[in-house]
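> coordinates only, sequence not included:
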């Protein structure tokens, strides 16, 4: 690996600089991405290895980032599970047959990565060949709770009434569904590892709607199951948002790296998580809409809070927001390297 | 006051039982409310004292709740400030001329409660007369940050890009706007107190999008200003959501009572806030979609966490959600009284 700073940081080994990559770094804020997106639907891009490979590489070419992340979506396993998936124009995912009953849960099909997402595995192989060891490639999956909430709600949600209703009224069905989803996630991630992914990230973007007791009882056991079931040959990043009030529980889910949002200062978060984990984060994505000077000031603040301790991976606290100026993405990447030499 | 348990708890005095009221207790989950709403727009209801009075009283008649809250909206002061406000059908507030520039901020007009919200002050007087000291009446306002975010974004927001952009790129303008809004909130709340409100609540529903440093620098000073500027003759509840990672900062904003959401266990939150404040909360509103047995179990858990210490006001962690079964609202209220005798 020509640039192994990211892999080293995942293992809490000293690296030449603080590695940086940005969630949703391949995306609509880049004109190179939009040029392809204008000709293809989002799902077409995911399902065409050449296109997924190309947009995965775009930010690697444009910025001095320390990792690539495969262009994909956390909902790609759904059709293999028997759950229809569409992306409505500018509206995000829509699931036509959401899972609401025990019969729905029983009908969820076993997921087979080779059969159901061959395009993703092929894309990973293509990216690996193109990268030629320039930087490591990250594979990823939604965490069980976040996948369950999409599958039950049928799309994004404000209050997660349907998901929590199953959880509260019929916990047996909830646990059955989460167990099934955990098996899907394990198979999905192991297939990505076999195809060549060198780091794995679990995205638990919506789990922060739960209070601490519900998190512990209804989500945490399945994150643990996934972490235990995924091959130990590559580091795993356990990322969630809005979990800052119970990071002491989040870390129990395991993973080499815990990803945090911007609601807790990095030094305070790391102290709670413990220095036997690496940490990833935690710039507010909206800072990228501000000035270069403000970006540099805030990047430096986060780097300073890591106190030079090996095991800090710089990232945003959530994905890059649509409309983010490309120059400000570059400013973040460059500032991380400038301040962490 | 025939039932003064709520007023006593606000002052951390022992009461006959734990008082309970529910944010958005007057609302669309009640058929009595819908019967009026079908004939009038939301703003018409707010602006017609007889209607506002009637829907304020509906939950007081239906449940054994320990407080009434005046039917109003946090955005009612906007037109007086020169900001046009509409409620789109089923879509929440829309502001046609959002505040984005220094010129916009300079043009914000001084707010005069007697001129701009006479209907609200009249409604408070009518409710007081009708209540006839049965339970206390709560007046309320949005907190400065939440009002600023609405005014700048033009409505609800996912990432608060416009609000944070002003904050990050032009902090002087941000501070000027927040200062003006604080003056509005102070005048708005003092007028409600003069009209007869017996407790005041500040709603900072969206401030939790800020990291701790931004909260401390850009929001907290204005909550403090409001708390200092409001008449000390009635207790003040300082409520925010998604602030669980920095309750130690939230309490610095002041207020007799700190309101918390369900992301921190009540005992842990109270410990951080300190026992020199009363505490309000903190049931997940979605629990009201579950069974009576589960509701009772969770109400008891929260009551138990208060450990019989005077100064706990039972509430949800955020407002009642549309579609909540009326019987389950009653189950919460009754369970609070049952378990806290």
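Structure's in. What do you need? Small disclaimer: the values here were computed from a predicted structure and weren't measured. Numbers count the residues shown, from 1 in each chain, chains lettered A, B, ... in the order given.
> and residue A:86, what are its phi and psi?
phi -130, psi 160 (degrees, to the nearest 10).
> How about the contacts made by it?
With contact set as Cβ atoms under 8 Å, 6 or more residues apart in numbering or on different chains, residue A:86 has these partners: A:43, A:93, A:94, A:95, A:96. C-beta here means a position set from N, CA and C on the backbone, and glycine is covered the same way.
> need the helices for the stretch 51-200 of chain A, in chain order.
For the stretch 51-200 of chain A, the helices defined by DSSP state H, counting those that start in this stretch cover A:102-106, A:113-116, A:118-131, A:144-153, A:161-169, A:171-195.
> Do the longest one and chain B come into contact?
No - residues of helix A:171-195 are not located near chain B by Cβ under 8 Å from any Cβ of the partner chain, the shortest gap being 9.3 Å.
> Distance from that helix to the middle of the chain?
16 Å (Cα atoms, centre = their mean, to the nearest Å).
> What's the nearest residue in the stretch 1-150 of chain A when you look at chain B?
Here the stretch 1-150 of chain A gets closest to chain B at one residue, residue A:92, 10.9 Å apart by Cβ to the nearest Cβ.
> Direction included, what does the lowest-mean-pLDDT helix or strand in chain A pair up with?
The helix or strand of chain A with the poorest confidence is strand A:85-88; it has a mean of 86 (mean pLDDT, DSSP states H and E). Strand A:85-88 pairs in its sheet with strand A:92-95 (antiparallel), by DSSP bridges.
> Using the three-state scheme, assign the most centrally placed residue in chain A.
Nearest residue to the geometric centre of chain A (Cα atoms, centre = their mean): residue A:203, 3.8 Å. Put simply, residue A:203 is strand when judged by DSSP: H, G, I helix; E, B strand; the rest coil.
> of all the residues in the stretch 51-200 of chain A, which ones are close to chain B?
Residues of the stretch 51-200 of chain A lying near chain B (Cβ under 8 Å from any Cβ): A:159, A:160, A:161, A:164, A:165, A:168, A:169.
> separation between the residue nearest to the centre of chain A and chain B?
17 Å (Cβ to the nearest Cβ, to the nearest Å).
> can I assume that residue is in contact with residue A:145?
No - in this structure residue A:203 lies outside contact range of residue A:145 using Cβ atoms under 8 Å: 10.4 Å.
> what would the contacts of residue A:86 look like in CSV with pLDDT and neighbour count?
Compiled in CSV, the contacts of residue A:86 are given as follows (pLDDT from 0 to 100; neighbours: other Cβ atoms under 10 Å in any protein chain shown):
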residue, pLDDT, neighbour count
A:43, 94, 16
A:93, 88, 18
A:94, 90, 14
A:95, 94, 18
A:96, 90, 9
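> JSON lines for the residues you listed, including distance to residue B:101?
Shown next, in JSON lines, are these (distance: Cβ to Cβ, whole Å):
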{"residue": "A:43", "distance to residue B:101": "40"}
{"residue": "A:93", "distance to residue B:101": "36"}
{"residue": "A:94", "distance to residue B:101": "37"}
{"residue": "A:95", "distance to residue B:101": "41"}
{"residue": "A:96", "distance to residue B:101": "44"}
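> if we can go back for a sec, could you say which of the residues of the stretch 51-200 of chain A next to chain B is surrounded by the most neighbours?
residue A:164 (25 neighbours; other Cβ atoms under 10 Å in any protein chain shown).
> After the host helix or strand of residue A:6, which helix or strand is next? Please name it.
Assessed by DSSP states H and E, residue A:6 sits inside helix A:5-10. Downstream of helix A:5-10, the first helix or strand assigned by DSSP H and E is helix A:31-37.
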